[in-house]
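Q: kindly return the folded structure for what I paste below:
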Amino acid sequence: MTSNPTMGLAGVVAGRTSLSTVGKEGCGLTYRGYSIEDLAERATFEEVAWLLLRGELPTSQQLSDYRGRLQSLRELPAGLKAVLEQLPDTAHPMDVLRTGCSALGCLEPESATSGTFDVVDRLLATFPSMLAYWHWSQTKSLRIDTHSEEDSIAGHFLHL
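A: As a prediction, this is how the structure comes out:
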């Protein structure tokens, strides 16, 4: 039996979502109707996270409150720090985040009342701390303090 395989994925629908579109009507990538270029130029990480999670860009007050919430969720439990210290310096950062996420899930199990936003916010807040803590523990044998007064995730990560 002879067949001519189709090359590429042109015309293949991978899924339907209101979160993003790729290449729709000649546009590139969009999140909730906003072009990625506009968001990259004008929005912060926290604004885009809010947009993706809640469906609209935050007001100034919502953004301020959200940054404060994420700032309050950054601290890493001692058990997670111990796990991160055991990971080799050759580990890929994505593997570090996957392992850190799993360890955090064991240390702080979700309850029946845990909401999706609570879980996502905790992960968004801790991922920069996880990577920085692992990096410094492996490259300089330092156990850094993951607290900072920076209100943005980017500022916090750069501070660490």
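
Q: confidence score at the most centrally placed residue in the chain?
A: Centroid check for the chain by Cα atoms, centre = their mean gives residue 124 as the closest residue, at 4.5 Å. Per-residue pLDDT puts residue 124 at 96.

Q: ok, residue 115 next?
A: 86.

Q: ditto for residue 101
A: Looking at residue 101, the pLDDT reads 97.

Q: in a helix, it, correct?
A: Yes: according to DSSP: H, G, I helix; E, B strand; the rest coil, residue 101 belongs to a helix.

Q: who's in contact with residue 130?
A: Residue 130 sits next to 76, 80, 84, 96, 97, 100 when contact means Cβ atoms under 8 Å, 6 or more residues apart in numbering. Backbone N, C-alpha and C define where each C-beta goes, glycine included.

Q: filter those residues down to the buried ones.
A: Buried members of those, scored by 16 or more other Cβ atoms under 10 Å, are 76, 80, 84, 96, 97, 100.

Q: from those, which ones fall inside helices?
A: 80, 84, 96, 97, 100 (DSSP state H).

Q: wouldn't the last one be in contact with residue 126 here?
A: Yes: counting by Cβ atoms under 8 Å, a contact exists between residue 100 and residue 126, whose distance comes to 7.4 Å.

Q: give me the domain ranges for this protein.
A: 20-58, 70-159 (automatic domain parsing).

Q: now the first one: mean pLDDT?
A: The average pLDDT within domain 20-58 is 87.

Q: from the chain's centre, how far out does that domain sit?
A: 15 Å (Cα atoms, centre = their mean, to the nearest Å).

Q: that older thread, and for residue 100 and residue 126, which residues touch both?
A: residue 80.

Q: ramachandran angles for residue 143?
A: For residue 143, the backbone dihedrals (degrees, to the nearest 10) come out as phi -110, psi 90.

Q: skipping adjacent residues, who's closest to it in space?
A: Nearest residue to residue 143, sequence neighbours excluded (Cβ to Cβ, 6 or more residues apart in numbering): residue 137, at 6.2 Å.

Q: all good on my end, thank you.
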